[in-house]
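In: No sequence on hand, only this structure:
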């Protein structure tokens, strides 16, 4: 992509409304624009990252055997009356009447709707296990939206719903999502720690939050430092096999949010030099809630004995749009964002340090063509900004690799490569730069 | 994908509420489920087709130089007051109040919001041309939703918005979208004919609808049969070059909806044996509306002379979810859907005609593994249904290629391949089947 044809409205000033660094950097880097309180438009740079994150979430859901669907944003109020949550949900639910005065709502989550779909079609245990997920915009009418996409009102969530014959099978489904989440966040370059959690309005008695450590996080956490070094399952993990050793390994090391923190156990189990008390950002949460929805909503299947029983369910959320904020909170410096490669909007940016110089232009064009032909996502800064402004913009938007091409280096047949994560620089020929940055 | 692990709830009965064939087939093939009037959930098979269509639309928008963003579904009412459309839009607009009694609406289209984004950042003609698009759910509160996804209330639309300094430049932008639309629909296996159209509530004085011919279409059309044979631009079309010869070629042959039909001209210009009067389904519409939004909303840029002028705009819609219905209307027979390959939910389905027979199971597994390894999207019917039910289901869901494997053929080292589009059958070795179906 040529920057001259892209739409990257970088702000020179720090926006006053931004209280945390990720919100400030997303506004400054031209990733989002607020259209109403807690409601954002995704500008091209932000949109590209959102899609990268969404795709990683999708691939890991698919790998675990979950099947993708897409439920609508609007739901019938009557559906929520069946579960009893229409009255229980409170002012965070956006309630709507259509032209015929029919009561709708903008879905904050989809337990009811997916249960309605399930019960319409599935009648026998033979069609289980089943895990259906979707990635769709949700709305929660927060009293005080803040922190940009970290606590928006309209937000993108992946939510999966498992259906099983009994608690044992439902725990197998829960464990699959547990492992899928470990992999999902690790692929994005995050250390997200699963922590035992309260279940809140979703219900049930078993839940884990996945929390990224960050000083600016919304909740206090207590962990044993060892949890940071636990291995994440590889892509060859066998989801049909026994996952309990992985779950045991991850749940036996102390990690808890302040809501459920057990100070006595913490001091008893964790050596003093391994105790960490910091803050964290929740990026996902998984729930096992048994028959909380299937009983009132009559989602029954015939078991092997022919008797109808309510299914045992769980739900599993990932905050897709919120993850952009979480990743930036974890990956930035004073100059801007440092995208992990897997979610970067582009892998390489080419900075033409003397636009209009025939030799430099030609070298940039050649490099751009070669990298693009090899499938590398490149942002080519072909604008007539001065070099200093290009350096600053490239650091701000955080593309993992910068290739700087100017007349002086080029006279020696060299370009400079800078790695954004640590600022390491190297000088090499354009051909070596291509070889280095492919793949 | 193994069918035993997929979620494909096929209906045996014809649903009574479906008035047209595409609606009936989408319900029967387990592609969609109605959650409220005109509001559908996309089940796995339907979701896969929706994503294929969305991706073709995206690729052709990108190829033409348009840049993807994503605007939220909810918008502030005040934004629409600026253009005057808040009062003008009528009961099709879903109006919402949030917990703080702030007036919102569920966007039926995005001219106002994109103009707000544009004016916030772009101040000079030097940043033009610019064409921003998004693919997002919209809501129009139809008085009487019907025909399934063809006239739903919550629907997926691609809408692009171009910004140019003057009418001449805006017409260049319009022509790019015209060509992109020719390519988009052709890639989906559709003949979509551009026809001069009225502009309606979007405004302006230049518009074309892209219409797929189908007996069940909502509008009558009159065309010169020659328009069906016009060449569609290839993927090497130069969007930076002069596109007017392509536009002239497509607009000089008579094609008009009944709204703007000129009977005298039709009879004067079109030889009697080339006159076709049939019906059609609108799948896209493009508009040039000049300064209709930029003037009231003060979207101004400084021209080369330094004077601020309102930009000239156009908007360009594709009915992404509606396209599923349109494609099925154009591609089906009595047995079910016949997906064009480019949008098929899977390319190949393997029918195991004797599940449980060790040799047949092994041959199916081998074929499934080989095709999957070569990147072919396969649905493997490994259920214990009888062969007749598998044949019927495969025809209903319309995968382009069926491979049938049974004990009798296998004893001779043969499998049977059936092409869904014309029912042509061939017998060959499994290795030849793989070779035939890869790529």
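Out: Noted; the coordinates are in hand. On a predicted model such as this, the values are computed, not experimentally measured, just so you know.
In: you'd agree residue A:133 is up against residue A:159?
Out: Yes. Counting by C-beta atoms under 8 Å, residue A:133 touches residue A:159, with 6.5 Å between them. Every C-beta, even on glycine, is put in place using the N, C-alpha and C of the backbone.
In: For residue A:368, which non-adjacent residue is spatially closest?
Out: residue A:380 (4.6 Å; C-beta to C-beta, 6 or more residues apart in numbering or on different chains).
In: Dihedrals phi and psi, that neighbour?
Out: Residue A:380 has phi and psi values of phi -100, psi 110 when expressed as degrees, to the nearest 10.
In: Beta-bridge partners for it, please?
Out: Applying DSSP bridges to residue A:380 gives these bridge partners: residue A:2, residue A:350.
In: Could you give the number of residues near it?
Out: For residue A:380, the count of nearby residues is 25 (other C-beta atoms under 10 Å in any protein chain shown).
In: List the contacts of it.
Out: By C-beta atoms under 8 Å, 6 or more residues apart in numbering or on different chains, the residues touching residue A:380 are A:1, A:2, A:3, A:349, A:350, A:352, A:364, A:368.
In: what about 7 Å?
Out: A:2, A:3, A:350, A:364, A:368 (C-beta atoms under 7 Å, 6 or more residues apart in numbering or on different chains).
In: Report pLDDT for the fourth one.
Out: Okay, so that is residue A:364. Residue A:364 carries a pLDDT value of 98.
In: Quick check: which ranges of the stretch 201-350 of chain A have low pLDDT?
Out: A:201-203 (pLDDT under 70).
In: Which residue ranges of it form helices?
Out: A:244-251, A:263-269, A:294-297, A:320-330 (DSSP state H, counting those that start in this stretch).
In: and the gap between the residue in the stretch 101-250 of chain A positioned nearest to chain B and residue A:163?
Out: Sorted by distance to chain B under C-beta to the nearest C-beta, the residues of the stretch 101-250 of chain A start with residue A:121, at 3.7 Å. As for residue A:121, its distance to residue A:163 is 11 Å (criterion: C-beta to C-beta, to the nearest Å).
In: And for residue A:192?
Out: Taking C-beta to C-beta, one finds residue A:192 at 26 Å from residue A:163.
In: hmm, back to that, more neighbours, residue A:121 and residue A:163?
Out: residue A:163 (25 against 16).
In: tell me the SS of the more buried one?
Out: Per DSSP: H, G, I helix; E, B strand; the rest coil, the secondary structure class of residue A:163 is strand.
In: pLDDT score assigned to it?
Out: Looking at residue A:163, its pLDDT reads 98.
In: So what sits opposite it in the bridge?
Out: The partner residues for residue A:163, given DSSP bridges, come to residue A:130, residue A:313.
In: wait, isn't residue A:32 in contact with residue A:46?
Out: Yes. Assessed by C-beta atoms under 7 Å, residue A:32 is found in contact with residue A:46 at 4.9 Å.
In: Give me the common contacts of those two.
Out: residue A:26.
In: What separation do you get for residue A:213 and residue A:195?
Out: Taken as C-beta to C-beta, the span from residue A:213 to residue A:195 is 11 Å.
In: who's more crowded, those two?
Out: residue A:195 (26 against 19).
In: Could you check the pLDDT of that one?
Out: So, for residue A:195, pLDDT stands at 94.
In: Specify the local secondary structure of it.
Out: Assignment for residue A:195 (three-state DSSP): strand.
In: check contacts around it.
Out: Residue A:195 touches A:208, A:209, A:211, A:221, A:255, A:256, A:257, counting by C-beta under 7 Å, 6+ apart.
In: how about a cut-off of 8 Å?
Out: A:208, A:209, A:210, A:211, A:221, A:223, A:255, A:256, A:257, A:260, A:280.
In: Tell me which stretches of the stretch 51-200 of chain A form strands.
Out: A:67-68, A:74-76, A:94-97, A:103-106, A:130-139, A:154-164, A:192-196 (DSSP state E, counting those that start in this stretch).
In: and of the helices of the stretch 201-350 of chain A, who's closest to chain B?
Out: Judging these by C-beta to the nearest C-beta, what sits closest to chain B is helix A:320-330, at 9.8 Å.
In: quick one: stretch A:342-349 near chain B?
Out: No. Judged by C-beta under 8 Å from any C-beta of the partner chain, stretch A:342-349 makes no contact with chain B; its nearest approach is 11.6 Å.
In: In terms of helices and strands, where is residue A:372?
Out: Using DSSP states H and E, the element containing residue A:372 is helix A:358-373.
In: shared neighbours of residue A:213 and residue A:195, anything?
Out: A:221, A:223, A:280.
In: between those residues, which has the most around it?
Out: Most surrounded of those: other C-beta under 10 Å gives residue A:280, at 27 neighbours.
In: which ones are touching it?
Out: Counted by C-beta under 8 Å, 6+ apart, residue A:280 has contacts A:193, A:195, A:211, A:212, A:213, A:214, A:217, A:219, A:220, A:221, A:257.
In: Check residue A:192 too.
Out: Residue A:192 touches A:181, A:182, A:185, A:186, A:210, A:211, A:212, A:283, A:284, counting by C-beta under 8 Å, 6+ apart.
In: The nearest residue to it once chain neighbours are set aside: neighbour count?
Out: Closest residue to residue A:192 apart from its sequence neighbours, by C-beta to C-beta, 6+ apart: residue A:185 at 3.6 Å. Using other C-beta under 10 Å, the number of residues around residue A:185 comes to 27.
In: Would you reformat the contacts of residue A:280 as CSV and include distance to residue B:325?
Out: Output for the contacts of residue A:280, formatted as CSV (distance: C-beta to C-beta, whole Å):
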residue, distance to residue B:325
A:193, 46
A:195, 46
A:211, 44
A:212, 42
A:213, 48
A:214, 46
A:217, 46
A:219, 46
A:220, 52
A:221, 49
A:257, 47
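In: So which of those residues is the closest to residue A:233?
Out: Of all the contacts of residue A:280, residue A:193 has the smallest distance to residue A:233: 14.9 Å, by C-beta to C-beta.
In: which residues touch the closest one?
Out: Contacts of residue A:193 by C-beta under 8 Å, 6+ apart are A:210, A:211, A:212, A:213, A:221, A:223, A:227, A:228, A:255, A:280.
In: Can you give me the buried ones in the longest strand belonging to chain A?
Out: As assigned by DSSP state E, the longest strand anywhere in chain A is strand A:275-290. Across strand A:275-290, burial judged by 16 or more other C-beta atoms under 10 Å in any protein chain shown covers A:276, A:279-290.
In: Likewise for stretch A:19-35?
Out: For stretch A:19-35, by 16+ other C-beta under 10 Å, it's A:20-35.
In: again, but for stretch A:389-405
Out: Buried residues in stretch A:389-405 (16+ other C-beta under 10 Å): A:390-391, A:393-405.
In: Just among the contacts of residue A:380, which is most surrounded?
Out: residue A:350 (28 neighbours).
In: Surely it is in contact with residue A:370?
Out: No. The criterion here is C-beta under 8 Å, and residue A:350 misses it with residue A:370 at 10.6 Å.
In: Among the contacts of residue A:280, which lie within strands?
Out: A:193, A:195, A:211, A:212, A:213, A:219, A:220, A:221, A:257.
In: out of those, who's nearest residue A:299?
Out: residue A:195 (29.6 Å).
In: Tell me, how many residues neighbour the closest residue to that closest one other than its chain neighbours?
Out: Excluding the flanking residues, the one nearest residue A:195 by C-beta to C-beta, 6+ apart is residue A:255, at 4.6 Å. Neighbour count for residue A:255, taken as other C-beta under 10 Å: 27.
In: Please determine how far residue A:255 is located from chain B.
Out: 33 Å (C-beta to the nearest C-beta, to the nearest Å).
In: quick one, what contacts that residue?
Out: Here residue A:255 is in contact with A:193, A:194, A:195, A:196, A:221, A:222, A:223, A:224, A:227 (C-beta under 8 Å, 6+ apart).
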